[in-house]
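Enquirer: Build me a structure from this.
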Amino acid sequence: MKKIKNILIISFTITYFVSLISCIDENSRRSIKNQISKNSLNNSSDKKMLTPSPSHSPSSSPPVKGLLKAETAATIELRFFVDPNTGTFKDKVTIPKNFNGILYLSGLNITSLNNRIVKVRFKFGRELEVVTVPATIGRAAGLTPQIDIQVLIMDMRDRPFENIRLLYDLYDYNTYNYDYNDSPTNDPYNRELYCRGLTLEYDPTYTNGECNPNEKKCLYAFAKIKDAGLYTTNGSTIPTLPLIDINSGDFTFPTASSDATIVSKNLTNIKKCLPDNGAVFYKEFASSYRQMTYTNVDTSFASYNDVVLSLTDDTNSKVDYYYRGPYRVLSLNSWSLPKDKAVGPYGLFKSTLDSSADPTDVTMGIFSLIFPRSGKLPLDKEIKYIGDDYAFKIDPQMTPTPTLTKTIPRSITSLTSAGDTKWMDGCNIRVSNFDETRNEGINSCNVSATIEIVAIDPKTGKEYDVDMTNKTEIKLQLSRPSTKDYQGKETLYQSMKSCSSSRTCASDECCFNKRCWSKNLVSQCLEDATSSGQQEIGTVCNSDFQCASLCCNVSIGRCAVHNSKLDTPVFCSKSPGDHCVAKEWCRKDTIQDCKIIRTGINSQGEMTCALRCYNKQEFGSCINGICVAPTQPGRVDFNEENPDCKDAVPPPLVIGDV
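Expert: Alright, predicted model coming up:
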């Protein structure tokens, strides 16, 4: 028995030690594996996140991409922007390129990036111009109030898109009946406006290898046309003026005129828009000089390549100008949109000048779909212009259904009282909203080719392209810069209506430095000024109107600097009592602005608030041409013992937001 007892003791001891050794080995193995994984993560130079590498064998150490994919779980799928104009979810939104608010981007599996520093990379246009915007992950209301979703939040206060070039054009693909009731959109943020600025590989509407002009396909495919003027042997003139009687006689055509009178009118009219429907008329005088008219009474209808206008050159010789349609084609050989698909309801034109010759000839296109199709301009009373009761030039004699006409012009008409004109062709709106310095207009745009997410490992600081889908499916379109007041009126100088004289501005505006200014801002119109000029900085002056900067420093009697478009603006800063043209030219003074600010939520779930006062800089007012110091805001009633928080506002992000 003693021998058996010893054997049992020895067996038990051996079993115990074997178990102990097994545990030690397993712990050691786990420790080593963790150390290898940690070293692999710290030493890896790979920057392509979320895709396991097929080059590694199963027996080799796990690559860093495999580890990162395991941490971030699933592939990201971008779905919608939150439209900052409407607050709704959309797969295509348009914002001004100087947008400085908050932009939200939603998608599936965004929560997998919670432990990453995130950026959103936009690539714009055919050139794939890159802009990278820092983002954070937060929550926003979903499709129903009961649901919230995680979104990428991009703070645009630094205006990251401001320097993007707007090289392309918006096209209007809304559905119109082409009858008496049409009202084409003049809103550049309209849902059915598409920016044609991409190659086909980045166009999500290009499906099954087709670009059918009768279907909504290839709507982003690059194509470029411009408003055209008349042609000489040296090329096309460029329209810069709307069809408005600028010189009080541009639309009168006596039966007998001297060559000098004809040339004088032609010098102005040659700069004006041509009719969108292609209906151009001219009159020829005994000297063979021709004058373009805007009526079909006792005139000749202009066919393609007809001489419609004559001028004289420096040697007093006659120079003829030819009509070749209201639009000219640019970079035709580099178009992504097939040329034979450019005429149709989702192309560039509705029709051509001569459909019997070649119905798809884009060089003869009319009824363009470029934005805006047509529109109305504010104008003073009794100023003649070319307009119509209908948005598109239709033949009302065609019954029961009116049709677009190529042979009937719009009418020469005027307003009996100041207000908006009747419908005018889109070219008139485009030339009246064009910034020559930036070469951008109301129709200018750019569009994202791809939208990608870049993640940064907070431990290593290395960037990784996130594995994702829908890079090309959702689109961000950029339009010209815009800043509007509470009434919706444009206040950004370069986006204000352009002009050549106050006759082309509204009754409450006047033209200065080629822009229509509200008379509430500009105390004196150019026509009413005693002196005028475009004198350079440092030139002797005695009036603001003599200086190109509109800033005459009376203390030294010379033109001074005023430029609000610089990265660091330089203002005229006139003292109270000095003459001024607008409040921006008056000095900024410090005012104290007090507001009731939200401070949080108490334990009962009620909002708490407090009175906070902030100092901020405010321009003085320009009243009757004299600078006046800014008025200090009135006192805010606030009871600290029993605060009323119903009108409380969020605290300003920066002091300038007060």
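Enquirer: Isn't residue 435 up against residue 482?
Expert: No: using C-beta atoms under 8 Å, residue 435 is not in contact with residue 482; the gap is 11.4 Å. Backbone N, C-alpha and C define where each C-beta goes, glycine included.
Enquirer: Which one's more surrounded, the two?
Expert: Ranked by neighbour count (other C-beta atoms under 10 Å), residue 435 and residue 482 place residue 435 first, with 21 against 18.
Enquirer: so what's that one bridging to?
Expert: For residue 435, the beta-bridge partners under DSSP bridges are residue 440.
Enquirer: for residue 374, same thing?
Expert: Beta-bridge pairing for residue 374 (DSSP bridges): residue 425.
Enquirer: Residue 426 is in contact with that one, correct?
Expert: Yes: Residue 374 lies in contact with residue 426 (C-beta under 8 Å); the separation is 5.3 Å.
Enquirer: Mutual contacts of those two, please.
Expert: Residues touching both residue 374 and residue 426 by C-beta atoms under 8 Å, 6 or more residues apart in numbering: residue 276.
Enquirer: so which strand or helix has residue 150?
Expert: Under the criterion of DSSP states H and E, residue 150 resides in strand 148-155.
Enquirer: which strands and helices sit next to that strand?
Expert: strand 102-108, strand 117-124, strand 129-141 (3 or more C-beta pairs under 8 Å, 6 or more residues apart in numbering; DSSP states H and E).
Enquirer: show me where this structure has helices.
Expert: 2-43, 64-72, 259-269, 426-431 (DSSP state H).
Enquirer: Return the member of these having the minimum mean pLDDT.
Expert: The stretch with the lowest average pLDDT out of those is helix 64-72, scoring a mean of 39.
Enquirer: Okay, and the beta partners of the residue nearest the centre of the chain?
Expert: The residue lying closest to the centre of the chain (C-alpha atoms, centre = their mean) is residue 479, at 1.0 Å. Residue 479 forms beta bridges with residue 96, residue 445, as assigned by DSSP bridges.
Enquirer: So it sits against residue 94, correct?
Expert: Yes: counting by C-beta under 8 Å, residue 479 does reach residue 94; the two are 5.6 Å apart.
Enquirer: Now for the nearest residue to residue 324 once chain neighbours are set aside, how many residues are close by?
Expert: Nearest residue to residue 324 in three dimensions, chain neighbours excluded: residue 231, at 5.2 Å (C-beta to C-beta, 6 or more residues apart in numbering). Counted by other C-beta under 10 Å, the residues lying close to residue 231 total 17.
Enquirer: try residue 342
Expert: When neighbours are defined as other C-beta under 10 Å, residue 342 has 24 of them.
Enquirer: Find me the pLDDT at it, would you?
Expert: 91.
Enquirer: now stretch 120-127: mean pLDDT?
Expert: 95.
Enquirer: hmm, who's touching it?
Expert: By C-beta under 8 Å, 6+ apart, the residues outside stretch 120-127 that reach it are 105, 129-133, 135, 152, 154, 161, 164-165, 167-168, 197-199, 222, 336, 446-454, 476, 478.
Enquirer: picking up where we left off before, may I see the buried residues of the strand holding residue 150?
Expert: 149, 150, 151, 152, 153, 154 (16 or more other C-beta atoms under 10 Å).
Enquirer: Dump those to JSON lines, plus pLDDT and distance to residue 542.
Expert: Formatted as JSON lines, those follow (pLDDT from 0 to 100; distance: C-beta to C-beta, whole Å):
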{"residue": "149", "pLDDT": "77", "distance to residue 542": "63"}
{"residue": "150", "pLDDT": "82", "distance to residue 542": "63"}
{"residue": "151", "pLDDT": "88", "distance to residue 542": "58"}
{"residue": "152", "pLDDT": "91", "distance to residue 542": "56"}
{"residue": "153", "pLDDT": "91", "distance to residue 542": "53"}
{"residue": "154", "pLDDT": "93", "distance to residue 542": "50"}
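Enquirer: Point to the helix or strand of this protein where mean pLDDT is at its lowest.
Expert: Every helix and strand of the chain was ranked by mean pLDDT, DSSP states H and E. The lowest is helix 64-72, at a mean of 39.
Enquirer: Is residue 580 in contact with residue 544, as I believe?
Expert: Yes: applying C-beta under 8 Å, one finds residue 580 in contact with residue 544, separated by 7.1 Å.
Enquirer: still on that earlier bit, filter the contacts of stretch 120-127 down to the buried ones.
Expert: 105, 129, 131, 133, 135, 152, 154, 161, 164-165, 167-168, 197-199, 222, 336, 446-454, 476, 478.
Enquirer: Point out where the stretch 201-350 of the chain drops to low pLDDT.
Expert: 254-259, 286 (pLDDT under 70).
Enquirer: So which residues of it form strands?
Expert: Secondary structure of the stretch 201-350 of the chain by DSSP state E, counting those that start in this stretch: the strands cover 224-227, 231-232, 235-236, 281-284, 290-293, 300-301, 306-312, 318-323, 327-330, 349-352.
Enquirer: what do you get for the stretch 401-550 of the chain?
Expert: Using DSSP E, counting those that start in this stretch, strands in the stretch 401-550 of the chain cover 403-404, 411-413, 419-420, 424-425, 434-435, 440-441, 444-456, 463-465, 468-469, 475-479, 509-512, 515-518.
Enquirer: Could you export these as CSV, including mean pLDDT and distance to residue 629?
Expert: Formatted as CSV, those follow (pLDDT from 0 to 100; distance: least, C-beta to C-beta, whole Å):
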stretch, mean pLDDT, distance to residue 629
strand 403-404, 85, 58
strand 411-413, 92, 47
strand 419-420, 90, 36
strand 424-425, 95, 43
strand 434-435, 88, 33
strand 440-441, 92, 36
strand 444-456, 94, 39
strand 463-465, 86, 51
strand 468-469, 85, 55
strand 475-479, 96, 37
strand 509-512, 80, 24
strand 515-518, 81, 22
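Enquirer: Deepest in the core, which of these is it.
Expert: Among the strands of the stretch 401-550 of the chain, strand 424-425 has the highest mean neighbour count (mean count of other C-beta atoms under 10 Å), at a mean of 28.
Enquirer: Which other helices and strands does that strand contact?
Expert: Contacts defined by 3+ C-beta pairs under 8 Å, 6+ apart place strand 424-425 against strand 374-375, strand 385-387.
Enquirer: Touching, residue 413 and residue 387? I think so.
Expert: Yes: using C-beta under 8 Å, residue 413 makes contact with residue 387 at a distance of 5.5 Å.
Enquirer: anything in contact with each of these two?
Expert: Taking C-beta under 8 Å, 6+ apart as the criterion, residue 413 and residue 387 both touch residue 422.
Enquirer: What about residue 409, how many residues nearby?
Expert: If you count neighbours by other C-beta under 10 Å, residue 409 ends up with 22.
Enquirer: I'd like the numbering to begin with 48 instead of 1 from here.
Expert: Let's use 48 as the start, then, which means that last one is residue 456.
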